[in-house]
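> how would this look folded up:
(chains A, B and C)
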Amino acid sequence: MTSRQTLPSGQIVFDPRGAVAATEIRLAPRPETLRGVRLGVLDNSKWNASKLLRHAAAALDGFEPAAVNRYVKDSFSREAGDALLDRLAAENDVVVTAIGD
Amino acid sequence: MHDTAKLEQRGVPAAVIVTAAFVREAEVQRAALGAGDLEPVVITHPLSTLSEDEIEARAQEAAPQIERVLTRRPPPQHGGGAPARE
Amino acid sequence: MSTAQTASPQAAETVDLVEWYFRQGWTDGLPVVPPTPESVESMVAALGGDPDRVETRVPPRWGSLTREVLAVNLVLAGCRPAYAPLVRAAMLALCSPHFNLHGVQATTHMAAPLLVVNGPVRTEIGMNAGANVFGSGNRANATIGRAVRLMLLNVGGAQPGDLDKSTLGHPGKYTFCIAENEEASPWAPYHVERGYRPDDSTVFCIAAEGPHSVTNHVADDPEGVLDSIVSAMSTIAHNNAVSSGACAVVIGPEHAATIAARGWTRADVRRYLWSHTDNTWDDVSFGDRYGRVYNRNLPRWYRRRPGARIPIVPDPDDIHLFVAGGEAGRFSAFLPGWGHMTSPVLRALDGRAGGGRAPCVDGTCEL
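Now for the predicted structure:
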């Protein structure tokens, strides 16, 4: 893998960006509907995230989830820790999180 | 996006709500994470300065998208079938 | 843009490489130095060889920063090979999870990483720690800071207006790198306060707003000088007031001499500043003018009542104190940070952790 390239003129140039290497992750299998499903709601504590999620959870009530569980992330900018993610995965079938703004 | 990608890897379907101004950022994160199929739920920007009624309106924008992302039906903007990556 | 082609008998016209790099969008708006195989090789050698070795990945694009890519950006910025180990240490520090570079790159706030260098490397490579320390004119300060910015842009993908959503930006996004003036300081150097040896060379990184000048040409005692710095800190305008986190204070040598003449130590200074800033809960909640605000970004132990005084950062250790600048002029500077969403980091050039209490992972210590 090299950043070096040659232009049609023969001049040598270098790409300063570096490669983006990523292995594709497979999405989790989905339920057919939200009815009877445990819904986790993860608030990342940005401005108005909790209000938005409260209203959104109420709007999703029409789909008849079995339960709505609420969680708050300590810092809106950092990634959620493994402990919180493990809890979310153990206690819920699906998760909605907000907000990227 | 990182949290949602990690949840998907734990076998939990996850939907993240972003405002329209952050769709591009979400795209780049998906590419970097190898999570191209992870569709964000997009609502009108901004959110931080809204009244309770305006927030309710955003929640109404979000709810049908959340339901689609979390269940088997793909989001309509890709017209069904595998999402095309440009 | 162009793929490699075998040389044809009529090669295409020579292009102006300075213009070519501009056209790719790989510059900070200023002309870059077009790299050659020789100049890139010199930088790779200064990094220890092994051009394909991945040093780290740079958010938000998560581009792989190989030694070769690092070398290319060092040349683009105008660095000398002697600067390479310092720039690498800075990139490793910035890309550690503690710093949350992803957030710093993407935020609408103007914060940009400030680098402060300590130890013998400063004089070895000719850095400026004296007059005009935040300004221009010194190749090491200028190009080290610039190389970091070019990598944040090119490898990290933080193009202004695209993934870099900073509303206003600040001039530090061209370059923002200083050295502590250890020679003029009456106190131990910053890195020694943090548990390193004086002959360790370190780089400190904090996401910071631009310097806010603090003038005081009247006071001849520590409290007088520090009260002016307190005044600069006691405002709701900067990000620490609403988002907590850490900040930096740079004290000019004349001010430092006045403070130290009465026996005040680094710890005395930081504790005085922390104790006497006078933001109140009413200030940061706008007197409930827009409804009652809880503000989860501030610590839960801040008293949320009218009249309650609240500190501008949670702890005196969240004030990162340096002595820098020229020996004439009674000025200091306050640099607010971004908030609790990022932690400042400190890293030795050789990756050795200091002996202090800070948690260190792979050589980068969270402060």
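> Looking at chain B, what residue ends up closest to chain C?
Residue of chain B nearest chain C, by Cβ to the nearest Cβ: residue B:32 (3.8 Å). Where C-beta positions appear, they are placed from N, C-alpha and C, glycine not excepted.
> Next, the buried residues of stretch C:146-159.
Neighbour-count burial for stretch C:146-159 flags C:146-158 (criterion: 16 or more other Cβ atoms under 10 Å in any protein chain shown).
> for the residues you listed, which one is nearest chain B?
Distance to chain B across those (Cβ to the nearest Cβ) is lowest for residue C:157, with 6.4 Å.
> mind listing the strands for the stretch 151-300 of chain C?
For the stretch 151-300 of chain C, the strands defined by DSSP state E, counting those that start in this stretch occupy C:177-179, C:202-208, C:212-215, C:247-251.
> Could you do chain B as well?
B:14-19, B:41-43 (DSSP state E).
> For my notes, please list these in JSON lines and give distance to chain A and mean neighbour count for each entry.
As requested, the strands of chain B are exported to JSON lines (distance: least, Cβ to the nearest Cβ, whole Å; neighbours: other Cβ atoms under 10 Å in any protein chain shown):
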{"stretch": "strand B:14-19", "distance to chain A": "4", "mean neighbour count": "25"}
{"stretch": "strand B:41-43", "distance to chain A": "8", "mean neighbour count": "24"}
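> Redo the ones you listed as a markdown table? Include mean pLDDT and distance to chain C.
A markdown table is the format used below for the strands of chain B (pLDDT from 0 to 100; distance: least, Cβ to the nearest Cβ, whole Å):
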| stretch | mean pLDDT | distance to chain C |
| --- | --- | --- |
| strand B:14-19 | 93 | 11 |
| strand B:41-43 | 93 | 16 |
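> ok so, going back, list, out of the buried residues of stretch C:146-159, those positioned next to chain B.
residue C:157 (Cβ under 8 Å from any Cβ of the partner chain).
> pull the helix or strand with minimum mean pLDDT from the chain.
The chain I'm using is chain A. Ranked by mean pLDDT, DSSP states H and E, the helix or strand of chain A with the weakest confidence is strand A:94-100, at a mean of 87.
> right idea, wrong chain: chain C
Scoring the helices and strands of chain C by mean pLDDT, DSSP H and E places strand C:360-361 at the bottom, with a mean of 77.
> Name every strand pairing with that one and say which way it goes.
Partners of strand C:360-361 in the sheet, by DSSP bridges, are strand C:364-366 (antiparallel).
> and the partner strand, how far out from the chain's middle?
Averaging C-alpha positions (Cα atoms, centre = their mean, to the nearest Å) puts strand C:364-366 14 Å from its chain's average.
> what ranges of chain B fall below the confidence cut-off?
B:72-86 (pLDDT under 70).
> Residue C:37 reaches residue A:13, doesn't it?
No: assessed by Cβ atoms under 8 Å, residue C:37 is found out of contact with residue A:13, at 10.7 Å.
> With neighbour numbers in mind, choose between those two.
residue A:13 (23 against 10; other Cβ atoms under 10 Å in any protein chain shown).
> and whichever strand or helix holds that one, does that touch chain C?
Using DSSP states H and E, residue A:13 sits in strand A:12-14. Yes: interface with chain C: strand A:12-14 contributes A:12-14 (Cβ under 8 Å from any Cβ).
> Okay, now the sheet partners of that strand, with direction.
Within its sheet, strand A:12-14 is paired with strand A:4-6 (antiparallel), according to DSSP bridges.
> Could you identify the helix or strand that succeeds the helix ranked longest in chain A?
Taking DSSP state H as the criterion, chain A has its longest helix at helix A:49-60. Following helix A:49-60 in sequence order, the next helix or strand is strand A:67-72 (DSSP H and E).
> need the next SSE after that next one, C-terminal direction.
Downstream of strand A:67-72, the next assigned helix or strand under DSSP H and E is helix A:82-91.
> need the longest helix for chain B.
Ranked by residue count and defined by DSSP H, the top helix of chain B is helix B:52-70.
> and the buried residues of stretch C:146-159, which two are the farthest apart?
Of all pairs drawn from the buried residues of stretch C:146-159, the greatest distance, 17.5 Å, lies between C:146 and C:157 (Cβ to Cβ).
> and the residue of the stretch 251-367 of chain C found nearest chain A, how far is that from residue C:66?
Per Cβ to the nearest Cβ, residue C:341 is where the stretch 251-367 of chain C lies closest to chain A, at 3.5 Å. Counting by Cβ to Cβ, to the nearest Å, the separation of residue C:341 from residue C:66 is 29 Å.
> ok, now residue C:276?
Applying Cβ to Cβ, the value for residue C:276 to residue C:66 is 49 Å.
> So those two - more neighbours on which side?
residue C:66 (24 against 17).
> tell me the contacts of the more buried one?
A:1, A:18, C:51-55 (Cβ atoms under 8 Å, 6 or more residues apart in numbering or on different chains).
> ok, 10 Å please
Neighbouring residues of residue C:66 by Cβ atoms under 10 Å, 6 or more residues apart in numbering or on different chains: A:1-3, A:18-19, C:44, C:47, C:50-56, C:72, C:155.
> mind listing what the residue most central in space within chain B touches?
The centre of chain B sits closest to residue B:40, judged by Cα atoms, centre = their mean, with a distance of 1.3 Å. Neighbour list for residue B:40: A:100, B:1, B:4, B:15-19, B:22-23, B:25-27, B:29-30, B:65, B:69, B:75 [criterion: Cβ under 10 Å, 6+ apart].
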